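S.K.: have a look at this prediction, sequence included:
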Amino acid sequence: MRPLLLFRPAAHSRAALLAAAMAAAGAFAACGKTPTAAAAPDRAAAAALPAAAETPFYAVKFPRQASVAEITALGRALFFDPSLSASGRMACSTCHDPKFAFGPSDAAAVKLGGPELKLAGIRAVPSLRYLQNVPAFTEHHYEDDGDDSIDQGVTGGHTWDGRAQSLHDQAPLPLFSPVEMANTDAAAVVAKVKAAPYAGQFRDTFGAEVFRDEALAFKGVLLALEVFQQSAPDFYPYDSKYDAYLRGKAQLTPQEARGLALFNNPAKGNCALCHPSAVRGHAFPSFSDFGYVAVGVPRNRSLPANRDPAYYDLGLCGPLRTDLADRKEFCGLFRAPSLRNVTLRKVFFHNGAFHSLEQVLHFYAERDTNPGKWYPRKADGSIDKFDDLPPQYRPNVNREPPFGGRPGGKPALSEAEIRDLIAFLGTLADGYAPSK
């Protein structure tokens, strides 16, 4: 029976964060702690962080106890401020456009950043929506779904490779990345905030003397960005047609219903394997299990980094993440993104290799039955399958349905079924307004 629920998703992650935010703002600071980071930050970010950043994030309270609403408002101002970048022209919102579910607004595989906005990144911009329940990175994750004996494997963490354990661990990465906002250190960021139109708001939020302690002020920047990204109306509204359907307030069209069935069918789309669609424990689905998988996406030769034939983006194994470089079984694995708002995107996969859902679904259906359509040929005429991975890591590529089959065989999905799946995925777009 289809569940008729009026519940929003479980808010335990947000509640824990907001309690910690209040602690950091002065309410009960001695209690808040964060998990030990499993992933080393980018080298540029690590070098730029002040020494005080090594202490527990919530261990020292601010001079003033701010409300969550105040911190959220300040985080919003920071998020949309291009002056926080070395170029003065790149804000967080430049790449994470709220009109596109805080994802990219265009089809560029990677964005240009750096001091003059001329340096290309190496990965496609992900959406920032529906990340409020991302667990901390672990190699062994157990779902609270009635059977906690099943090891779901490597799961969690923020970014494509999970190297940030929390949103405040993630925030320094773009601030200091030489190909993004390109700040040299925390002092440079704090100086920009101190000169910004909202500097008074920053003082009003965290205390009149907050800028006297540079490390504390920088922590205020990270905390504000973190709390803003936990704002439910902005980042997890759960107001798509599918959410209305789960609440019993909308009906799927026949085509959308067929697409949902294909999505869940282990022998067809099998999408729910990594992108669960069901309500669990009264929590609406995020459409990601936040696990890791290698799908063998073709090499994107338009990326500047890929001009070097010896360069490979190995996800969990690097180059941005360094603590798992010797874990060969993880090479080529990237975190599964949420599929909510996926129909708003114009660029797909970590390397931006595809630019439409039709391409993506055809790839899933035909990767193994028609590999010549997706991969180049070697000098000897053979197909260089999984060409964006060194040969020794290609066994890591997933072969569960809809993958599988032999060259020349029947694809797992027909053209009509692909259209049905896309129709269903359209019901995951936020902002559904039922027709009267």
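M.R.: Received the coordinates, thanks.

S.K.: measure how buried residue 429 is and give me the count.
M.R.: Close neighbours of residue 429, defined as other Cβ atoms under 10 Å, add up to 17. To be clear about C-beta, it is placed using only N, CA and C from the backbone, and glycine gets the same treatment.

S.K.: my read: it touches residue 343, true?
M.R.: Yes. Using Cβ atoms under 8 Å, residue 429 makes contact with residue 343 at a distance of 5.5 Å.

S.K.: and residue 364, which helix or strand is it part of?
M.R.: Residue 364 belongs to helix 357-366 when assigned by DSSP states H and E.

S.K.: report the buried residues of that helix.
M.R.: For helix 357-366, a neighbour-count test (16 or more other Cβ atoms under 10 Å) marks 357, 360, 361, 362, 363, 364, 365, 366 as buried.

S.K.: setting the sequence-adjacent residues aside, check what's closest to the fifth one.
M.R.: Right, the one you point to is residue 363. Of all residues not flanking residue 363 in the chain, residue 374 sits nearest, at 6.0 Å (Cβ to Cβ, 6 or more residues apart in numbering).

S.K.: can you tell me how far the one you found is from residue 123?
M.R.: Applying Cβ to Cβ, to the nearest Å, the value for residue 374 to residue 123 is 20 Å.

S.K.: if we can go back for a sec, dump the residue contacts of the residue nearest to residue 363.
M.R.: Shown in contact with residue 374 (Cβ atoms under 8 Å, 6 or more residues apart in numbering): 298, 363, 366, 367.

S.K.: and which of those residues is nearest to residue 133?
M.R.: Ranked by distance to residue 133 (Cβ to Cβ), those are led by residue 363 at 28.3 Å.

S.K.: show me the contacts for the closest one.
M.R.: By Cβ under 8 Å, 6+ apart, the contact set of residue 363 is 297, 298, 354, 374.

S.K.: pLDDT below threshold where in this structure?
M.R.: Low-confidence segments of the chain, defined by pLDDT under 70: 1-55, 144-149, 436.

S.K.: tell me the domain ranges of it?
M.R.: 12-235, 238-436 (automatic domain parsing).

S.K.: now residue 190: closest residue in space that isn't a chain neighbour?
M.R.: Spatial nearest neighbour of residue 190, excluding adjacent residues (Cβ to Cβ, 6+ apart): residue 217 at 4.7 Å.

S.K.: helix, strand or coil for residue 275?
M.R.: coil (DSSP: H, G, I helix; E, B strand; the rest coil).

S.K.: roughly how far does it sit from residue 228?
M.R.: For residue 275, the distance to residue 228 (Cβ to Cβ) stands at 26 Å.

S.K.: related to what we said a few turns ago, most widely separated two among the contacts of residue 363?
M.R.: For the contacts of residue 363, the farthest-apart pair by Cβ to Cβ is 354 and 374; their separation is 9.8 Å.

S.K.: all helices of the protein, in order?
M.R.: In the chain, the helices defined using DSSP state H lie at 12-24, 43-48, 68-79, 92-95, 167-170, 172-176, 186-195, 199-206, 214-228, 232-235, 241-246, 254-264, 357-366, 415-426.

S.K.: for residue 323, find the nearest of those helices.
M.R.: Set against residue 323 and scored by Cβ to Cβ, the helices of the chain come closest in helix 43-48, at 12.0 Å.

S.K.: so what's the residue count around residue 255?
M.R.: Other residues within reach of residue 255, judged by other Cβ under 10 Å, total 16.

S.K.: roughly how far apart are residue 215 and residue 204?
M.R.: Taken as Cβ to Cβ, the span from residue 215 to residue 204 is 20 Å.

S.K.: okay, those two: which has more neighbours?
M.R.: Comparing residue 215 with residue 204 by other Cβ under 10 Å, the one with more neighbours is residue 215, at 18 against 15.

S.K.: one step back: ok, so of the buried residues of helix 357-366, who is nearest residue 140?
M.R.: So of these, ranked by how close each gets to residue 140 (Cβ to Cβ), first place is residue 364, at 27.3 Å.

S.K.: Provide a list of residues in contact with residue 386.
M.R.: Contact partners of residue 386, counting by Cβ under 8 Å, 6+ apart, are 296, 375, 394, 397.

S.K.: can you pick the most crowded of the residues you listed?
M.R.: For the contacts of residue 386, the largest neighbour count, defined by other Cβ under 10 Å, is 23 neighbours, found at residue 296.

S.K.: isn't that one up against residue 397?
M.R.: Yes. The criterion here is Cβ under 8 Å, and residue 296 meets it with residue 397 at 4.2 Å.
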